[in-house]
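Visitor: Provided below are the primary sequence and the corresponding predicted coordinates.
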Amino acid sequence: MGVKTAGFGVIGISGRGSGMLRELISVPGVNVVAVCDKYEDRAKHGAEIVKQYRGTDAAVYLDYKELLKRDDIQAILCCTTWITHARIAVDAMRAGKHVAIEVGGAASVEECWQMVRASEETGKFCMLLENCCYDRDELAVFNMKTLGIFGEITHLEGGYRHDLRDEISLGREKRHGRLVNFMYRNGELYPTHQLGPISKLIGINRGNRFLTLCSMSSKSRGLNCWIKENMGEDYDIADYSFNQGDVVTTLIKCANGETIQLTHDCCTPRPYSRDYVVQGTKATFCEAKEGKNWIYIDNVSPRHEWEYFEKYRNKYEHPLWRNYDSSGHGHGGMDYLVLSAFAEAAVNDLAPPIDVYDTAAWMAITCLSEQSSAMGGMPVPVPDFTNGMWIEREPYRRGKYCLEEVCHDFFENEESKEEKEQ
Ligand SMILES: NC(=O)c1ccc[n+]([C@@H]2O[C@H](COP(=O)([O-])OP(=O)(O)OC[C@H]3O[C@@H](n4cnc5c(N)ncnc54)[C@H](O)[C@@H]3O)[C@@H](O)[C@H]2O)c1
């Protein structure tokens, strides 16, 4: 039997959109029939990518609302900007399409509710494409949690620490969306890379939820300093008073008692890190600075000594990664996995592993942290976008890409083949 296919449209074809489009085309079942960007050269580039990698013609649009009118499109991949994702997602669902949006925080709590209501009213899903949920070590840690290795999890940390001073500062030259956010906003602008895996680890929206948060921002210096050094003192925004603090720290309290610390840090000179920490009553995982992660397991690791996580990799590898050749795929392979999860759900009309409640709750952290930071770190409540259903949700869909459970039975053929080969 052939693979079921569906028509896809892709909106937003800049750096990220063109990379994701290339990946999406290679996912079984995906037929990209239309592409869109408000810049004509980028929209046309999207069609060239489809031609080059798939050999088919994709229609080109500059207005995404026109693209949404097509009845041969079942799902939309949206890789636009932080302040456009939610409204495009709402329009896509209301036009009868499933939608996946790239990561970024929400501008308002209201737009999160709009996504939730559009999904509930149309029956179409809205999936945040949080690729880090499918990262190799994040999934191995998830597997360890399901096996009880961490005991009861009490505290988690994560960050987006990425030196983007050039990309942000040269936003106008590069026609990039970040700059205006750093000019006008001040908060945890990019929460989900670590908050996504963290939320799945502690059952947010399924038996747990975010209750309150407080956020504080440092002063803003990094962008001015970089601009002066690289663009000269006379560059027009060299002395611009950026709102966004260089380092923003946010603390979230969860209904089941866990605390989560998030760090946003994109304007200081430093290597990339997501600073992932998982602390439980029986073990602690810690992302290391030299590219190797650490673990300490009570009564297993030498007392008071970290061990390299690598030592435990084989034992705890998530089955999705066991036979996965990630070479050639974006971000070490996690981009292809998150797109496969999206496509599987969209083509077969199934619930996605990251649903609209996850999307809304994770994205809302941004505008809530802006509010808290503006009030000197005052705690602010996080809305319950499930309207109480987090206490008793409908069952999740099990499958290979499930992020609530490791569904070994879906890998049985592969795992038994592996055992025979050993
Ligand atoms: N998950 C990841 O690892 C990862 C990596 C990089 C970027 N991203 C995210 O992907 C998104 C895109 O990133 P980017 O670097 O390509 O940003 P960008 O600002 O360079 O590109 C956004 C594109 O969207 C287009 N666009 C905006 N509004 C539109 C509209 N209404 N209609 C049609 N097109 C519109 C713009 O013209 C632009 O080409 C961002 O949310 C970013 O945070 C995620």
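Guide: Ah, there it is. Numbers count the residues shown, from 1 in each chain.

Visitor: domain-wise, how is this protein divided?
Guide: According to the domain assignment given by automatic domain parsing, the chain is divided into the following structural domains: 6-131, 132-326+355-408.

Visitor: how long is the last one from one end to the other?
Guide: When you say that, I think you mean domain 132-326+355-408. Its first and final residues considered, domain 132-326+355-408 spans 21 Å by CA to CA, to the nearest Å.

Visitor: anything in it near the ligand?
Guide: Yes - interface with the ligand: domain 132-326+355-408 contributes 176, 177 (CB under 6 Å from any ligand atom). Bear in mind the C-beta positions are built from the backbone N, C-alpha and C, glycine included.

Visitor: looking at the domains of the chain, which is buried most?
Guide: domain 6-131 (a mean of 20; mean count of other CB atoms under 10 Å).

Visitor: in CSV, list the domains of the chain along with mean pLDDT.
Guide: Formatted as CSV, the entries for the domains of the chain read as follows, by pLDDT from 0 to 100:
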stretch, mean pLDDT
domain 6-131, 98
domain 132-326+355-408, 97
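
Visitor: can you put those in JSON lines and add distance to residue 347?
Guide: Formatted as JSON lines, the domains of the chain follow (distance: least, CB to CB, whole Å):
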{"stretch": "domain 6-131", "distance to residue 347": "4"}
{"stretch": "domain 132-326+355-408", "distance to residue 347": "13"}
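
Visitor: quick one, which of those domains is nearest to residue 345?
Guide: Taking CB to CB, domain 6-131 is the member of those nearest to residue 345, at 6.5 Å.

Visitor: gap between the two ends of that closest one?
Guide: Between the opening and closing residues of domain 6-131 lies a distance of 22 Å (CA to CA).

Visitor: can you tell me which of the domains of the chain comes nearest to residue 335?
Guide: Go through the domains of the chain one by one with CB to CB and the one that ends up closest to residue 335 is domain 6-131, at 5.2 Å.

Visitor: close to the ligand, is the closest one?
Guide: Yes - using CB under 6 Å from any ligand atom, we find that domain 6-131 touches the ligand at 11-12, 14-17, 36-39, 42, 64, 79-82, 84, 102-104, 131.

Visitor: in contact with the residue of the stretch 151-300 of the chain found nearest the ligand, which residues are there?
Guide: Nearest residue of the stretch 151-300 of the chain to the ligand (CB to the nearest ligand atom) works out as residue 177 at 3.1 Å. Residue 177 sits next to 80, 81, 82, 83, 171 when contact means CB atoms under 8 Å, 6 or more residues apart in numbering.

Visitor: again, only using 7 Å
Guide: Residue 177 makes contact with 81, 82 under the criterion CB atoms under 7 Å, 6 or more residues apart in numbering.

Visitor: what of residue 254?
Guide: Here residue 254 is in contact with 202, 208, 209, 210, 211, 260 (criterion: CB under 7 Å, 6+ apart).

Visitor: would you mind naming the residues that bridge with it?
Guide: The residues paired with residue 254 through beta bridges, assigned by DSSP bridges, are residue 210.

Visitor: quick check, residue 361 in contact with residue 210.
Guide: Yes - between residue 361 and residue 210 there is a contact under CB atoms under 7 Å: 6.2 Å.

Visitor: what residues are shared contacts of those two?
Guide: Each of residue 204 lies in contact with both residue 361 and residue 210 under the rule CB under 7 Å, 6+ apart.

Visitor: all helices for the stretch 51-200 of the chain, in order.
Guide: Counting by DSSP state H, counting those that start in this stretch, the stretch 51-200 of the chain has these helices, from start to end: 64-67, 85-94, 109-122, 136-146, 165-169, 178-184, 192-201.

Visitor: ditto for the stretch 251-400 of the chain
Guide: For the stretch 251-400 of the chain, the helices defined by DSSP H, counting those that start in this stretch cover 310-316, 319-322, 334-347, 356-374.

Visitor: how about those helices in TSV, adding distance to residue 273?
Guide: Output for the helices of the stretch 251-400 of the chain, formatted as TSV (distance: least, CB to CB, whole Å):
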stretch	distance to residue 273
helix 310-316	17
helix 319-322	21
helix 334-347	16
helix 356-374	19
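
Visitor: in CSV: the helices of the stretch 51-200 of the chain, plus distance to residue 377.
Guide: As requested, those are exported to CSV (distance: least, CB to CB, whole Å):
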stretch, distance to residue 377
helix 64-67, 38
helix 85-94, 26
helix 109-122, 19
helix 136-146, 29
helix 165-169, 24
helix 178-184, 20
helix 192-201, 19
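
Visitor: any idea how far residue 29 lies from residue 352?
Guide: Noted for residue 29: a distance of 14 Å to residue 352, by CB to CB, to the nearest Å.

Visitor: residue 361 now?
Guide: Noted for residue 361: a distance of 15 Å to residue 352, by CB to CB.

Visitor: nearest to residue 51, of the helices of the stretch 51-200 of the chain?
Guide: When the helices of the stretch 51-200 of the chain are compared (using CB to CB), the closest one is helix 64-67, at 17.5 Å.
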